[in-house]
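1. structure for this input, please:
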Amino acid sequence: MILLSMAFRIDPHVHSFFSGDGVSSPEAIIHSAKKAGLDGFALTDHNTCDGCRYLRDKGLLREDGEAVDGFLIIPGVEISTQEGHLLCLGVWLPNGLKGIPAKEAIAMVRAQNGVAIPAHPYDRMRAGIREGHLDELEMDALEVFNAATSLQRHNDSARAYATRRSLPMTAGSDSHHHGSVGRSHTIFSAANLSMRSILDSLAEGTSLHCVPLSPLEALRKTFFNWVRLSKKRSYLSPAGDGARKGGEVGAGV
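-> As a prediction, this is how the structure comes out:
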């Protein structure tokens, strides 16, 4: 039987106020993503899956990876590894992994059948994983266009590297405010709108929608990244998962 593929627009790099430098609620992000014409996004808050657990407990994200009312949210996290930032998609990881080696993080992702994608490599101002370390990693794809990257040559270098290694490519908004969700995104050719189908289709190649943040959006992101006036949210799930290391206790949302 021949399975026909369909094109799905997914933003694989999105932050909510569960990231220290994010300002928008998950609900606001969902609203904006639908308005932008996306079929879904991956929630990749910095070093925490709290936002994903929050959405799961609200019934807006399904653990079985199926879409909710025709819209897909892929659980994920952006880990600040020892070598730089790593997007981990399709996983439920514990909080407190900041600073672990990238190889260790990738092993954890593979154990959950997820995918590991270095974020904004070559961007020296934003903790991108450097080429020497990329050479040593068995990644599933590479983010070759990050809408928030200030210098286009960094994205160009990432695309050139992915081409040399024949790696699948992704583009993402790296949105920290709901207004810029989907500015850049990845178009997956998959059998259906489910986490498993989308992630499995990555190896077959993607199409990219590449538009940088506007100057105002870039300024807003930089402001909250450096000043961080918004307090980072944390979430204690009734399920009791996602325990933090070091005894940190989260407040309910």
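2. quick one: contacts for Asn146?
-> Neighbouring residues of Asn146 by Cβ atoms under 8 Å, 6 or more residues apart in numbering: 13, 119-120, 123, 154-155, 171-172, 174, 184. In this view, the C-beta of every residue, glycine as well, is placed from N, C-alpha and C.
3. same thing with Pro238?
-> Asp57.
4. distance check, Val109 against Val115.
-> For Val109, the distance to Val115 equals 7 Å [Cβ to Cβ, to the nearest Å].
5. list the buried residues for stretch 67-87?
-> The neighbour-count check on stretch 67-87 (16 or more other Cβ atoms under 10 Å) flags 67, 71-81, 83-87 as buried.
6. which parts of the stretch 51-200 of the chain are helices?
-> Ranges of helices within the stretch 51-200 of the chain are 102-111, 131-134, 152-165, 195-201, based on DSSP state H, counting those that start in this stretch.
7. and these, which is most packed in?
-> Comparing these by mean neighbour count (mean count of other Cβ atoms under 10 Å), helix 195-201 ranks first with a mean of 20.
8. in PDB, list the C-alpha atoms belonging to that helix.
-> C-alpha atoms of helix 195-201 as PDB (Å, rounded to 0.1, in the frame of the first residue of the first chain):
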ATOM      1  CA  MET A 195       4.800  13.500  16.500                       C
ATOM      2  CA  ARG A 196       6.100  10.100  15.300                       C
ATOM      3  CA  SER A 197       5.300  10.700  11.600                       C
ATOM      4  CA  ILE A 198       6.800  14.200  11.700                       C
ATOM      5  CA  LEU A 199      10.000  13.200  13.400                       C
ATOM      6  CA  ASP A 200      10.400  10.100  11.300                       C
ATOM      7  CA  SER A 201      10.000  12.200   8.100                       C
END
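9. that helix - contacts with which helices or strands?
-> strand 72-80, strand 185-190 (3 or more Cβ pairs under 8 Å, 6 or more residues apart in numbering; DSSP states H and E).
10. kindly calculate the angle that the longest one makes with helix 102-111.
-> Put simply, strand 72-80 runs at 160 degrees to helix 102-111, going by axes from the mean of the first three to the mean of the last three Cα atoms, to 10 degrees.
11. helices or strands next to strand 72-80 in the packing?
-> strand 6-14, strand 40-43, helix 50-57, strand 85-89, helix 195-201.
12. just to revisit the earlier point, mean pLDDT added to the helices of the stretch 51-200 of the chain, as a markdown table?
-> Below are these laid out as a markdown table (pLDDT from 0 to 100):
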| stretch | mean pLDDT |
| --- | --- |
| helix 102-111 | 98 |
| helix 131-134 | 96 |
| helix 152-165 | 97 |
| helix 195-201 | 98 |
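13. done for today, thanks.
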